[in-house]
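> Predicted model and sequence below, questions to follow.
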Amino acid sequence: MNWLKTLFPRSKKIPTPKRVPRAEHPISRSLLPSGTLKVLYGLKDAGYEAYVVGGGVRDLLAGMEPKDFDIATNARPEEVRQIFRSCRLVGRRFVIAHVRFGDEISEVTTFRGPITESHERDETGRILADNEYGTLESDAFRRDFTVNAMYYDIRDFSIVDFAGGLDDIKAGVIRLIGDPELRYREDPVRMLRAVRIANKLKFHIEKRTAAPIRKLAPLLREIPAARLFDEVVKLLQCRDAVANLRGLREYGLLPHLLPHADTAMARPQACDFIERALENTAERIAADQTVSAAFLYAALLWPAVQARMQKLCNGDDGHTNIAIAQASDEILLESQRHIVIPKRFSVPMREIWALQPRFDMRRGGRAQRLLTHPRFRAAYDFLLLRAQSGEVSQELADWWTQAQTGGGLPPLTQAAATEEGEAPRKRRRRGGRGRRRPGAQPVAE
């Protein structure tokens, strides 16, 4: 087919599909959620093709538990909605059906058409318009990596492998389908996905797939900033966050996402702080605890905010509260040119940063008010990371840990009291110097 020659311009051999029977692969229906099975059988019984595709098949074959299961079908979105009353259609550029069964939502996508030279592209090669439907084969070769182009067929429980994904899973390889430079230009986010999927599966990126990444990394600037925000969350708010961050730096991708974080990573203490924050996030995810994108981005940008704050404090704007507010505004504004951070995250980020100098004030009412601040817990966790990386003293972190026990504020050490300029002062007698007790004789002038 002409569109396959477009996809493989430098290859003499185009992959041919292979069907692997149930006896030769480990995927069973018992591994699929009930909602996914209901959608698959609902489409099948209505006379349509229905497959589990992408990450669900890939992760099961790699011995991992998938996060979700996507379904591909030859039914059009409107036809899917006619089959399932709980179906909702979403998307503008390419309509997708969401089918709900209980708490489970299955994403159902109609087979996509092939990429051809007639598709509208910008000057960098990125596809701008793409809303054509196609066949199972065209849908498979539209996918990015070989390990994502395998389909589990509910009719006979076989796996249809179009691009050698099974072989690449056995070899532990992430390989793009088609010409790497062409595919990255079609969608530069594939460079980020290569890093993320490789680290998730503990695979390596195939040499030809990795080769163009550093050269094409600037293409990320053409991607909508809101989409990049989500991609960074996927990369750095997961169990493989540290490996992903290092991969972004290795391939020259981080400067086009978070240039301030990339600059900070060159400084050992800042690098240690950021990596500790990512490790903390990974540990919380592993323990099924909540994580926040606001905390993640606050950690990534904190070294830049702190450096800017210190520069401002050395100038005319010496007041810490004013300096950190101005530094926060400047760093966020500069970062928004690359990644749009929604207000629901940027506001908590500012609060976490603004509370950091207040941890140095451990006397009386100020400390008590800080303990009751709505953002205290997040700011306190942030302080612990700063202490672990050596940015502030461990004694300061331990004091605030003890202060939360409810037994009153702990005493300051002599060194801390001296540092804060709060050495004990003589108590002034109530009533002022000139007040006399009843019956006392006036003091001679």
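Alright, I've got the coordinates.
> all contacts plus neighbour counts: C-alpha atoms, from now on.
Will do.
> how many neighbours does Ile63 have?
Heads up, residue 63 is Gly, not Ile. 11 (other C-alpha atoms under 10 Å).
> Looks to me like Arg88 is in a helix.
No: per DSSP: H, G, I helix; E, B strand; the rest coil, Arg88 lies outside any helix segment and is strand.
> residues in contact with it?
Contacts for Arg88 (C-alpha atoms under 8 Å, 6 or more residues apart in numbering) come out as 81, 97-99.
> And it, how far from Ser106?
Here Arg88 is placed at a distance of 11 Å from Ser106 (C-alpha to C-alpha, to the nearest Å).
> Kindly point out which residues are neighbours of both of these two.
Shared contacts of Arg88 and Ser106 (C-alpha under 8 Å, 6+ apart): 98-99.
> Closest to Leu245 out of the contacts of Arg88?
Proximity of those to Leu245 (C-alpha to C-alpha) peaks at His98, which lies at 32.0 Å.
> Please compute how far the strand or helix carrying the closest one lies from its chain's middle.
Assigned by DSSP states H and E, His98 belongs to strand 96-101. For strand 96-101, the separation from the chain centroid amounts to 24 Å (computed by C-alpha atoms, centre = their mean, to the nearest Å).
> same question, stretch 143-150
With C-alpha atoms, centre = their mean as the basis, the mean position of stretch 143-150 lies at 22 Å from the chain mean.
> How far does it stretch from one end to the other?
Stretch 143-150 has an end-to-end distance of 10 Å (criterion: C-alpha to C-alpha).
> Mean confidence (pLDDT) on it, please.
Here stretch 143-150 scores 95 as its mean pLDDT.
> hey, where'd the helices end up in the stretch 301-445 of the chain?
320-335, 343-355, 364-371, 376-388, 394-403, 414-419 (DSSP state H, counting those that start in this stretch).
> Only C-alpha atoms, please: export the longest one in PDB.
Put plainly, it is helix 320-335. C-alpha atoms of helix 320-335 as PDB (Å, rounded to 0.1, in the frame of the first residue of the first chain):
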ATOM      1  CA  THR A 320      12.000  38.200  52.400                       C
ATOM      2  CA  ASN A 321       8.200  38.100  52.000                       C
ATOM      3  CA  ILE A 322       8.400  40.600  49.200                       C
ATOM      4  CA  ALA A 323      11.300  39.000  47.600                       C
ATOM      5  CA  ILE A 324       9.900  35.400  47.600                       C
ATOM      6  CA  ALA A 325       6.600  36.700  46.200                       C
ATOM      7  CA  GLN A 326       8.300  38.500  43.300                       C
ATOM      8  CA  ALA A 327      10.600  35.600  42.700                       C
ATOM      9  CA  SER A 328       7.600  33.200  42.500                       C
ATOM     10  CA  ASP A 329       5.800  35.500  40.000                       C
ATOM     11  CA  GLU A 330       8.900  35.800  37.800                       C
ATOM     12  CA  ILE A 331       9.700  32.100  37.700                       C
ATOM     13  CA  LEU A 332       6.100  31.000  37.100                       C
ATOM     14  CA  LEU A 333       5.700  33.500  34.300                       C
ATOM     15  CA  GLU A 334       8.900  32.300  32.600                       C
ATOM     16  CA  SER A 335       7.900  28.700  33.100                       C
END
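> so what secondary structure elements neighbour it?
helix 293-313, helix 343-355 (3 or more C-alpha pairs under 8 Å, 6 or more residues apart in numbering; DSSP states H and E).
> Pick the most deeply packed of these.
helix 293-313 (a mean of 21; mean count of other C-alpha atoms under 10 Å).
> angle of that helix against helix 343-355?
Angle, helix 293-313 to helix 343-355, by axes from the mean of the first three to the mean of the last three C-alpha atoms, to 10 degrees: 50 degrees.
> got the buried residues for stretch 323-340?
Neighbour-count burial for stretch 323-340 flags 323-328, 331-332, 335-336, 338-340 (criterion: 16 or more other C-alpha atoms under 10 Å).
> What residues of the strand holding His98 count as buried?
Buried positions in strand 96-101, judged by neighbour count with 16+ other C-alpha under 10 Å: 96-100.
> Whichever helix or strand comes after it pairs with which strands?
Counting by DSSP H and E, the next helix or strand C-terminal to strand 96-101 is strand 104-110. Counting by DSSP bridges, the strands paired with strand 104-110 are strand 70-73 (parallel), strand 96-101 (antiparallel).
> downstream neighbour of strand 104-110 in the secondary structure list?
Following strand 104-110 toward the C-terminus (DSSP H and E): helix 136-142.
> Moving C-terminal from that following helix, which element do we reach first?
By DSSP H and E, the next helix or strand past helix 136-142 is strand 150-153.
> And that following strand, how far out from the chain middle?
Counting by C-alpha atoms, centre = their mean, strand 150-153 comes out at 28 Å from the chain centroid.
> which one is Leu136 nearest to, not counting chain neighbours?
Phe111 (6.0 Å; C-alpha to C-alpha, 6 or more residues apart in numbering).
> give the contact list for that neighbour.
72-74, 133-136, 138-139.
> Kindly recompute the last result at 6 Å.
73-74, 133-136, 139 (C-alpha atoms under 6 Å, 6 or more residues apart in numbering).
> which of those residues count as buried?
Buried by 16+ other C-alpha under 10 Å: 73-74, 133, 136, 139, out of the contacts of Phe111.
> tell me which of these is nearest to Ala62?
Looking across those and measuring by C-alpha to C-alpha, the closest to Ala62 is Asp139, at 22.1 Å.
> ok, the closest one touching Arg112?
Yes: between Asp139 and Arg112 a contact is recorded at 4.8 Å, counting by C-alpha atoms under 6 Å.
> Let me have the strands paired with strand 104-110 in a markdown table, adding distance to Leu43 and mean pLDDT as columns.
Below are the strands paired with strand 104-110 laid out as a markdown table (distance: least, C-alpha to C-alpha, whole Å; pLDDT from 0 to 100):
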| stretch | distance to Leu43 | mean pLDDT |
| --- | --- | --- |
| strand 70-73 | 8 | 96 |
| strand 96-101 | 12 | 95 |
